[in-house]
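Engineer: Predicted structure and sequence below. I'll ask about it afterward.
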Amino acid sequence: MLTRKHLILAAAAIALAVPAAYAFDQESNDDKSNNEYAIGLWGDVPYSVAQETGVVNLIADMNSQKLAFTVNDGDLKAGSNSACDSALYAKALGYLNSLKAPAMFTPGDNDWTDCDRASNGGYNSLERLDYERSVFFSTPYSQGQRTLRQEVQATPSCLWFTAPTNRPCVENRRWMVGRVMYATLNVQGCCNNLCDTAPNPAEFAARNAADIAWLQQTFAAAKDKGAVAVMLISQADPGFDGSDATRAPLRNPNTLVETDANPDGYKDFLLALRAEVTAFKLPVAYVHGDSHYFRVDKPLLNTTGARLENFTRVETFGDNAGNGNNDVQWIKVLVDPKSREVFAYQPQIVPANRVAVPLP
């Protein structure tokens, strides 16, 4: 017979078995708790057969830690000489669903806008985005062994390949954990689909308007719900200044106008981002992949050249061509809603993926 003492001991054991990271209700976007937790960020892999092993190692490493959720910021494969066939998306879905924590994803240019390259199979890129939407975004839930319900953008519409051709941008998602608001936005490399093999200005115009609306709506929701910070995740490195043409578009940091010869697929989005960051005042993190260079910095300036102190750019690790699993790593973000900066960033070097300096 269970006594009151037994019930108390059983309840205590259950409480101890639940990590603090999961103390909030993961099905609720209105949770206001101040619990600390950790999340995982990754993307731009695998780019080779060797890196498929690295991704398995990376997922095992994330699964060994107590994460509230993970986000993959796109590019499921290399940009050239790799087919955008159904097997690609099925394999990526398998990776995401092998993660114990809820697994979010936002598309990357290598897995749709670049699919029209002959070396990638010569697909219609918009048709490939439709296919990605059907694989990853057919429900309001994340992937992963535990799932998390997300808010899905309903208006305005994106351009689709299949009829009706104007439909919601279902890949744009938003969720709140504790007192922090998170959102994904479909912002792409390769000039945001305005250059490369088969640019599509009509597709860009519709999606860019939707991205800006989702950005603005996310900050409005964050203010309404009393969020203490916002994290945005997309694929593209839009470039914030003129410092390095090898990694991002060159742009005037004050006007945010692109200064190189390529079409500017990011200026209006960046202007809207800057306005929202300035008005929000609290910490904002912008997470992206694309240029394969891990960094955490503060590149966003206002019109007079002053650095926006509350804005942090976070670029995830990505393929290091020719060096196998060298950069098949991830970033752990420690989230403490009670702290002044809210986010703290820890690069995670997967022991099995160390190449240049193997473990002893």
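Structural biologist: In hand now; what should we look at? Just so you know, these numbers come straight off a predicted model, no measurement behind them.
Engineer: which element is Ala210 on?
Structural biologist: helix 201-224 (DSSP states H and E).
Engineer: Pull out the buried residues from that helix.
Structural biologist: Across helix 201-224, burial judged by 16 or more other C-beta atoms under 10 Å covers 203-204, 206-215, 217-219, 221-222. C-beta here means a position set from N, CA and C on the backbone, and glycine is covered the same way.
Engineer: From Lys223, how far out is Ala279?
Structural biologist: Applying C-beta to C-beta, to the nearest Å, the value for Ala279 to Lys223 is 9 Å.
Engineer: what's the answer for Leu334, then?
Structural biologist: Counting by C-beta to C-beta - Leu334 and Lys223 are separated by 24 Å.
Engineer: try Pro249
Structural biologist: As judged by C-beta to C-beta, Pro249 and Lys223 stand 30 Å apart.
Engineer: Helices along the stretch 251-360 of the chain, start to end?
Structural biologist: Taking DSSP state H, counting those that start in this stretch as the criterion, the stretch 251-360 of the chain carries its helices at 267-280.
Engineer: What number of residues are in the vicinity of Val135?
Structural biologist: By other C-beta atoms under 10 Å, 16 other residues sit near Val135.
Engineer: then stretch 315-327 to CSV, C-alphas only?
Structural biologist: Below are the C-alpha coordinates for stretch 315-327, written out as CSV (Å, rounded to 0.1, in the frame of the first residue of the first chain):
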residue,chain,number,x,y,z
GLU,A,315,27.2,32.6,-37.5
THR,A,316,27.2,28.8,-37.1
PHE,A,317,30.0,26.4,-38.2
GLY,A,318,29.9,25.1,-41.7
ASP,A,319,31.7,23.0,-44.3
ASN,A,320,35.5,23.5,-44.3
ALA,A,321,36.1,22.2,-47.9
GLY,A,322,38.8,19.6,-48.1
ASN,A,323,39.2,19.1,-44.4
GLY,A,324,36.5,16.4,-43.8
ASN,A,325,34.8,16.9,-40.4
ASN,A,326,37.0,19.8,-39.3
ASP,A,327,34.2,22.3,-39.0
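Engineer: Now do that stretch, average pLDDT.
Structural biologist: Averaging pLDDT along stretch 315-327 gives 95.
Engineer: What are the buried residues along it?
Structural biologist: For stretch 315-327, using 16+ other C-beta under 10 Å, the buried residues are Glu315, Thr316, Phe317, Gly318, Asp319, Asn320, Gly324, Asn325, Asn326, Asp327.
Engineer: could you pull out the strands for the stretch 151-300 of the chain?
Structural biologist: With strands called from DSSP state E, counting those that start in this stretch, the stretch 151-300 of the chain shows them at 151-152, 157-159, 166-168, 173-177, 180-184, 229-233, 284-288, 295-297.
Engineer: mind putting those strands in TSV, mean neighbour count included?
Structural biologist: Formatted as TSV, the strands of the stretch 151-300 of the chain follow (neighbours: other C-beta atoms under 10 Å):
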stretch	mean neighbour count
strand 151-152	16
strand 157-159	20
strand 166-168	14
strand 173-177	23
strand 180-184	27
strand 229-233	25
strand 284-288	25
strand 295-297	14
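Engineer: okay, these in JSON lines with mean pLDDT and distance to Gly74 next?
Structural biologist: JSON lines is the format used below for the strands of the stretch 151-300 of the chain (pLDDT from 0 to 100; distance: least, C-beta to C-beta, whole Å):
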{"stretch": "strand 151-152", "mean pLDDT": "98", "distance to Gly74": "18"}
{"stretch": "strand 157-159", "mean pLDDT": "98", "distance to Gly74": "16"}
{"stretch": "strand 166-168", "mean pLDDT": "97", "distance to Gly74": "19"}
{"stretch": "strand 173-177", "mean pLDDT": "98", "distance to Gly74": "13"}
{"stretch": "strand 180-184", "mean pLDDT": "99", "distance to Gly74": "9"}
{"stretch": "strand 229-233", "mean pLDDT": "99", "distance to Gly74": "9"}
{"stretch": "strand 284-288", "mean pLDDT": "98", "distance to Gly74": "9"}
{"stretch": "strand 295-297", "mean pLDDT": "98", "distance to Gly74": "17"}
